[in-house]
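**Student:** how would this look folded up:
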Amino acid sequence: MAAQQPVSGTPIGLVAGEIDEFADASTRASTALGAPRRIQPRRPFNFGRWFAATGWRHVVGVVMVAFSLFPIIFVISSSLNPRGTLTGSNALFSKIGLDSYVRILSDPQVPFTTWFGNTLLISGITAVATVFLGALAAYSFSRMRFTGRRFGLISIVVVQMFPQLLAVVAIFLLMSAIGDWFPAIGLNTHVGLIMVYLGGALGVNTYLMYGFFNTVPASIDEAAKIDGAGHARIFFTIILRLVAPILAVVALLSFIASVNEFVVASVLLIDTEQQTLAVGLTKLVSNPRYADWSAFSAGAVIAALPVVALFLFLQKYIVGGLTAGAVK
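**Tutor:** The predicted model follows:
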């Protein structure tokens with residue numbers, strides 16, 4: 001038991017711990033009354049302790065940024081190289097010129113503007129149709145209860161495990177057979193390519209939107225039904241506004257995937273005037289005798305501009321759309 005010490009002015013002794021507590025209370029009271037507060041001395045800077053706590057994170061961040069920016073800087077440097085070779089671009093920005101951009105935009109044998117227009121058309125329609133059809137399917141799975149609902153959700157996930165590359169031969173034969181009956185949606189048509197893109201993208205996007213739709217309270221639907229609204233009115237006037245972030249994310253992902261897709265587009269689009277930018281630019285470097293890497297890089301830089309513009313326009317929705325549907 002702690003020894004008691006007499007305190008002046010009182011006949012009762014206090015335990016030593018109580019005396020310390022009384023002193024701390026007196027110090028706090030004097031500080032509150034405006035008395036000068038005791039300043040604790042700062043510990044000297046220790047680089048090892050700082051690096052172990054937060055410094056290594058800065059190093060990892062700098063390395064990742066450099067790793068991500070180097071390909072972009074290399075492509076821009078190659079596009080500004082007037083020689084048109086890839087090996088001459090090893091020295092970044094050793095020579096700067098716009099010859100590659102002028103050559104790819106003015107060469108009559110390279111219909112770059114046609115390829116660019118085809119890419120924007122196909123990617124834009126695919127993005128809009130994917131968002132609309134995926135939202136309809138996600139709303140049905142989230143709000144309605146019907147036979148086969150659980151099996152349908154599992155099937156969507158299982159089908160997405162197999163890459164679309166495995167079905168290229170089957171897609172070609174299927175589109176060739178369809179083209180014999182309906183030439184407008186068969187081989188060498190933009191409509192046929194858009195239909196193939198929609199079939200491949202609806203599964204994963206539907207499941208992604210399904211998780212986001214589940215975060216919207218069902219009480220909103222019930223309140224609207226009490227007021228006499230049906231499923232169509234609830235979907236178009238209420239739900240779509242509440243799930244705008246995930247719609248923007250799906251539109252962006254679908255647009256980027258359609259712009260960068262090469263394998264299916266190269267199989268279905270035969271004529272040069274019908275091809276997309278990814279397929280057309282490959283022809284610039286497919287010649288073993290002379291590959292115009294500078295013009296290829298210039299076309300890649302121009303092709304990235306719509307994607308960057310769309311990303312900046314939808315930036316405020318991206319983080320919320322990707323994270324809100326991740327948990328229930």
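**Student:** look up how far V243 lies from G124.
**Tutor:** In this view, G124 and V243 are 21 Å apart by Cβ to Cβ, to the nearest Å. For the C-beta atoms, the positions are set from N, CA and C on the backbone; glycine is no exception.
**Student:** under the pLDDT cut-off, which ranges of the stretch 51-200 of the chain? List them.
**Tutor:** Low-confidence segments of the stretch 51-200 of the chain (pLDDT under 70): 83-91.
**Student:** which stretches of it form helices?
**Tutor:** Applying DSSP state H, counting those that start in this stretch to the stretch 51-200 of the chain gives helices spanning 56-79, 99-106, 112-143, 149-159, 168-181, 190-213.
**Student:** leaving aside the residues next to it on the chain, what's closest to the residue nearest to the spatial centre of the chain?
**Tutor:** Closest to where the C-alpha atoms of the chain average out (Cα atoms, centre = their mean) is L253, at 6.1 Å. Distances taken as Cβ to Cβ, 6 or more residues apart in numbering place N205 nearest to L253, at 7.4 Å, with adjacent residues excluded.
**Student:** quick one: neighbours of that neighbour, just the number.
**Tutor:** 28 (other Cβ atoms under 10 Å).
**Student:** now W56
**Tutor:** If you count neighbours by other Cβ under 10 Å, W56 ends up with 11.
**Student:** distance of it from R49?
**Tutor:** From W56 across to R49, the span is 12 Å (Cβ to Cβ).
**Student:** who touches both of these two?
**Tutor:** Counting by Cβ atoms under 8 Å, 6 or more residues apart in numbering, no residue touches both W56 and R49.
**Student:** I'd say L187 and L268 touch.
**Tutor:** Yes: using Cβ atoms under 8 Å, L187 is in contact with L268, at 5.9 Å.
**Student:** mutual contacts of those two, please.
**Tutor:** F172, M175.
**Student:** who has more neighbours out of the two?
**Tutor:** More crowded of L187 and L268, by other Cβ under 10 Å: L268, with 24 against 20.
**Student:** neighbours of the closest residue to that one other than its chain neighbours, how many?
**Tutor:** Nearest non-adjacent residue to L268, counting by Cβ to Cβ, 6+ apart: L193, 5.2 Å away. Residues near L193, counting by other Cβ under 10 Å, number 27.
**Student:** if anything else comes up later, I'll come back, but that's it for now.
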